[in-house]
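>>> Build the 3D model from these lines:
(2 chains)
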Amino acid sequence: MRDQVILRVVTKVTIPFILVFGFYVITHGELGPGGGFQGGVVLAAAFILYGLVFGLEDLEKIIPRRLTDAMAGLGVLIYTGVGLVGIFGGYNFLDYTPLRLTGADAAESWGMTLVEYGVGITVAAVMVIVFREVSLAATAEK
Amino acid sequence: MSEFLLVDIVLLSLLIVTSVSVFLLRNLFAATMVLSLYSLLMSVVWLNLDAADVALTEAAVGAGIATVLLIGALVVVGAEERKHPRMHRPALLLVGLTTAALVYGTFDLPRLGDPAAPAQTHVVPEYISQTVEKLRSGQPVAPSDDHGDYESDNFHGHVPNLVTSVIVNYRAYDTLFEVAVIFTAGVSLILLLGRRESESGGRA
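Okay, the predicted model is just below:
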């Protein structure tokens, strides 16, 4: 679909907004609707749109396979890492109290934001992996 | 009649129309598009029920990603259904019985928005009172009130969004293992489908 000018231009114009909205949904999850799952899927949608219009080879240049594989693990690592901070701070696993980076009333916000980003990174990476593997299988079948 | 009920009636009728047309359509591409429309309508229904988090998920996953994956599958199987499926009478009977049982089950459900429903009386009041103190008392918290250890907010150190609070605080273990499940699904997919390439001498 890369030979169609309108699709190409519209994709390139909208992708930054999709990415910003994805990060907004993840970061704003503790205040409004949204969170890691929704924001992660929105972030993945930007890459999937790019892959649909410009093809899988170009997607591989933007976000290589190794990167999505590593990011899928990184998100779970961030989540469990925040949990371990709780243990090493002398509390239970996934207790956010030690994260008093900017005062006691912000500890939970910090913990939640970090955990949401962990969720978001894993979800976005796995969605891109699913899209890539299914499309590769589909083109190989043809 | 409240305007919310009116909107719900319109939306739910449209949901029935789309879901019936999905299995009447013979063109699979059209069926995929109608399925995406179904998810979009469903997300508006969630929004009408004030479940903004669920609405966002439904719109992103149901209408977005699922549609893309179904179209990916259509590339393999083709957009036209090969033959008209015959009516399978035992299956129809089974589906009919299951539907009847499910509809019968809904008679026991509490009415929509019933304040005496178990979901509203069990742990939810505790969550609400811990998260937003002023909701429990029904009075706005004055700035001069005692905030305990916490300096300035009315939320006693808890974040204001109840849904997120439940998901990543009260149910943090649940969410952790949900993320682990998604991670495992991604890894399994790489192992199952990625083997194609190593067979043809690509990346091991």
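
>>> Got phi/psi on residue B:88?
Note on residue B:88: backbone dihedrals following degrees, to the nearest 10 are phi -100, psi 100.

>>> which helix in chain A runs the most residues?
In chain A, with assignment by DSSP state H, the single longest helix is helix A:107-141.

>>> outside of the helix or strand containing residue A:70, which residues touch it?
Using DSSP states H and E, residue A:70 falls within helix A:65-88. Here helix A:65-88 makes contact (CB atoms under 8 Å, 6 or more residues apart in numbering or on different chains) with A:92-99, A:111, A:114-115, A:117-126, A:128-129, A:132, B:172, B:175-176, B:179-180, B:183, B:186-187, B:190, B:203. Every residue, glycine included, has its C-beta placed from N, CA and C.

>>> please redo it, this time with the cut-off set to 7 Å
Residues external to helix A:65-88 that are found in contact with it (CB atoms under 7 Å, 6 or more residues apart in numbering or on different chains): A:92-96, A:98-99, A:111, A:114-115, A:117-119, A:121-122, A:125-126, A:128-129, B:176, B:179-180, B:183, B:186, B:190.

>>> and what of stretch B:21-34?
With contact meaning CB under 7 Å, 6+ apart, stretch B:21-34 is reached by B:18, B:35, B:38, B:67, B:70-71, B:74, B:79-81.

>>> Sketch out the low-pLDDT regions of the chain for me.
You didn't pick a chain, so chain A it is. A:1, A:103-105, A:141-142 (pLDDT under 70).

>>> That was the other one, I meant chain B.
B:1, B:84-85, B:129-159, B:195-204.

>>> can you give me the strands for it?
Counting by DSSP state E, chain B forms no strands at all.

>>> returning to what we had before: narrow the contacts of helix A:65-88 to those that are buried.
Taking 16 or more other CB atoms under 10 Å in any protein chain shown as the criterion, what is buried in the contacts of helix A:65-88 is A:94-96, A:98-99, A:111, A:114-115, A:117-119, A:121-122, A:125-126, A:128-129, B:176, B:179, B:183, B:186, B:190.

>>> what's the closest residue to residue A:79 other than its chain neighbours in contact with, if anything?
The spatial neighbour of residue A:79 that comes closest, neighbours along the chain excluded (CB to CB, 6 or more residues apart in numbering or on different chains), is residue A:118 at 3.8 Å. With contact set as CB under 7 Å, 6+ apart, residue A:118 has these partners: A:36, A:75-76, A:78-79, B:179.

>>> re earlier: what's the angle between the helix holding residue A:70 and helix A:107-141?
Inter-element angle recorded for helix A:65-88 and helix A:107-141: 150 degrees (by axes from the mean of the first three to the mean of the last three CA atoms, to 10 degrees).

>>> Show me which positions of helix A:65-88 end up buried.
For helix A:65-88, the neighbour count (16+ other CB under 10 Å) marks A:65, A:68-69, A:71-72, A:74-76, A:78-80, A:82-83, A:85-86 as buried.

>>> Identify the farthest-apart pair in these.
Taking CB to CB as the measure, the buried residues of helix A:65-88 span a maximum distance of 33.5 Å, between A:65 and A:86.

>>> Do a quick rundown of the helices in chain B.
Under DSSP H, chain B gives helices at B:3-24, B:28-48, B:52-57, B:66-77, B:89-106, B:118-121, B:124-131, B:133-137, B:162-165, B:172-193, B:195-199.

>>> Including distance to residue A:13, could those helices go into TSV?
Shown next, in TSV, are the helices of chain B (distance: least, CB to CB, whole Å):
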stretch	distance to residue A:13
helix B:3-24	31
helix B:28-48	23
helix B:52-57	23
helix B:66-77	20
helix B:89-106	46
helix B:118-121	44
helix B:124-131	40
helix B:133-137	42
helix B:162-165	31
helix B:172-193	30
helix B:195-199	33
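
>>> Residue A:2 is nearest to which of those?
helix B:66-77 (16.9 Å).

>>> could I get that closest one in CSV with only the CA atoms?
Only the C-alpha atoms of helix B:66-77 are listed here, as CSV (Å, rounded to 0.1, in the frame of the first residue of the first chain):
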residue,chain,number,x,y,z
ALA,B,66,-8.7,-8.0,16.7
THR,B,67,-9.9,-6.7,13.3
VAL,B,68,-6.3,-6.4,12.0
LEU,B,69,-5.6,-10.0,13.1
LEU,B,70,-8.8,-11.3,11.5
ILE,B,71,-7.8,-9.5,8.2
GLY,B,72,-4.4,-11.2,8.5
ALA,B,73,-6.2,-14.5,8.7
LEU,B,74,-8.3,-13.6,5.7
VAL,B,75,-5.2,-13.2,3.7
VAL,B,76,-4.6,-16.9,4.2
VAL,B,77,-8.1,-18.3,3.8
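
>>> anything in it near chain A?
Yes: remark: helix B:66-77 sits within contact range of chain A at B:68-69, B:72, B:75-76, by CB under 7 Å from any CB of the partner chain.

>>> Buried ones among those?
The neighbour-count criterion (16+ other CB under 10 Å) marks B:68-69, B:72 among those as buried.

>>> So is stretch A:124-132 next to chain B?
Yes: residues of stretch A:124-132 contacting chain B under CB under 7 Å from any CB: A:125-127, A:129-131.

>>> what about stretch B:74-88, distance to the chain center?
Its chain's C-alpha centre and that of stretch B:74-88 lie 28 Å apart, by CA atoms, centre = their mean, to the nearest Å.

>>> Between its first and last residues, how far does that stretch reach?
25 Å (CA to CA, to the nearest Å).
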